[in-house]
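Undergrad: Predicted model, plus sequence, below.
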Amino acid sequence: SQTIHQWPATLVQPVGSPLSLECTVEGTSNPNLYWYRQAAGRGLQLLFYSVGIGQISSEVPQNLSASRPQDRQFILSSKKLLLSDSGFYLCAWSEAGQGLYSNQPQHFGDGTRLSIL
Amino acid sequence: SQQGEEDPQALSIQEGENATMNCSYKTSINNLQWYRQNSGRGLVHLILIRSNEREKHSGRLRVTLDTSKKSSSLLITASRAADTASYFCATFGRNNDMRFGAGTRLTVKP
């Protein structure tokens, strides 16, 4: 069966520090991968998605970047964190399919709660 | 308002009652999906309903879709305290767009 691992679960970082959040998927190949941010009590904002190794699309201009060095590994990074980067970050995968976002169910990790001080 | 908006924003019911949540959207869709999120956790996929379908069932869950009104509803029958969570709809549009709504926070009191 497929599993998705996301770590760390919580992170407290000072303003201006770098960031690296990692997400890995097991049990499937060539998945679509997604990074979302969720503000408290709100819906999800899609930050990045990837349909293959080295293929990253950004949905919103921001202080963050994403990379996909391996088929089932998706990394969210920042060189210098801002206070506004605080939030709950979720990684997800879906089977590849028709359409930009594959139109398939998405499977989420347990998220990383990032607090910037 | 944004694509995939749920209402009500919050719903509180007694165990055993039915809970109905609604989702409205603006553009044409390929499918609409409902997700559940327990506090502080990731989202869990519940049901996918395609644009040519009108109703789907999964256990105590019933989802309807009315493309003429651009709306969907999620009904949870015989609710349990363990159903307490936030519920989100997500629309996958024909214009290659995808949107998650802000969610409905459901509280089921024992």
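TA: Perfect, thanks for sending it. Numbering: from 1, shown residues only, chains lettered A, B, ... in the order given.
Undergrad: hey, let's count contacts and neighbours off CA atoms from now on
TA: Will do.
Undergrad: and the residue of chain B nearest chain A?
TA: Nearest residue of chain B to chain A (C-alpha to the nearest C-alpha) works out as residue B:102 at 3.8 Å.
Undergrad: Could you pull up the contacting residues of that residue?
TA: Neighbouring residues of residue B:102 by C-alpha atoms under 8 Å, 6 or more residues apart in numbering or on different chains: A:41, A:42, A:43, A:44, B:4, B:5, B:6, B:9, B:88.
Undergrad: Which of the residues you listed scores worst on pLDDT?
TA: The member of those with the lowest pLDDT is residue B:4, at 60.
Undergrad: nearest spatial neighbour of residue 65, skipping sequence neighbours?
TA: Assuming you mean chain A. Spatial nearest neighbour of residue A:65, chain neighbours left out: residue A:77 (5.2 Å); criterion: C-alpha to C-alpha, 6 or more residues apart in numbering or on different chains.
Undergrad: my bad, chain B
TA: residue B:72 (4.4 Å).
Undergrad: wait, what's in contact with the one you found?
TA: Counted by C-alpha under 8 Å, 6+ apart, residue B:72 has contacts B:22, B:23, B:24, B:63, B:64, B:65, B:66.
Undergrad: Check which helix or strand the residue of chain B closest to chain A maps to.
TA: For residue B:102, there is no enclosing helix or strand under DSSP states H and E.
Undergrad: what's the burial count for residue B:7?
TA: By other C-alpha atoms under 10 Å in any protein chain shown, 18 other residues sit near residue B:7.
Undergrad: ok now do the residue lying closest to residue A:3 once chain neighbours are set aside, which residues does it touch?
TA: Excluding the flanking residues, the one nearest residue A:3 by C-alpha to C-alpha, 6+ apart is residue A:26, at 5.2 Å. Residues counted as contacts of residue A:26 (C-alpha under 8 Å, 6+ apart) are A:2, A:3, A:4, A:72.
Undergrad: that older thread, what separation is there between the residue nearest to residue B:65 and residue B:51?
TA: Distance from residue B:72 to residue B:51, counting by C-alpha to C-alpha, to the nearest Å: 11 Å.
Undergrad: and for those two, which residues touch both?
TA: Common neighbours of residue B:72 and residue B:51 (C-alpha under 8 Å, 6+ apart) are residue B:65.
Undergrad: In contact with the residue minimising distance to the centre of chain A, which residues are there?
TA: Nearest to the mean C-alpha position of chain A, by C-alpha atoms, centre = their mean, lies residue A:35 at 2.5 Å. Residues near residue A:35 by C-alpha under 8 Å, 6+ apart: A:46, A:47, A:48, A:49, A:76, A:89, A:90, A:91, A:92.
Undergrad: same thing with residue B:42?
TA: Per C-alpha under 8 Å, 6+ apart, neighbours of residue B:42: A:90, A:108, A:109, A:110, A:111.
Undergrad: Ok, residue A:93 next?
TA: The contact partners of residue A:93, by C-alpha under 8 Å, 6+ apart, come to A:4, A:25, A:31, A:32, A:33, A:34, A:106, A:107, A:108.
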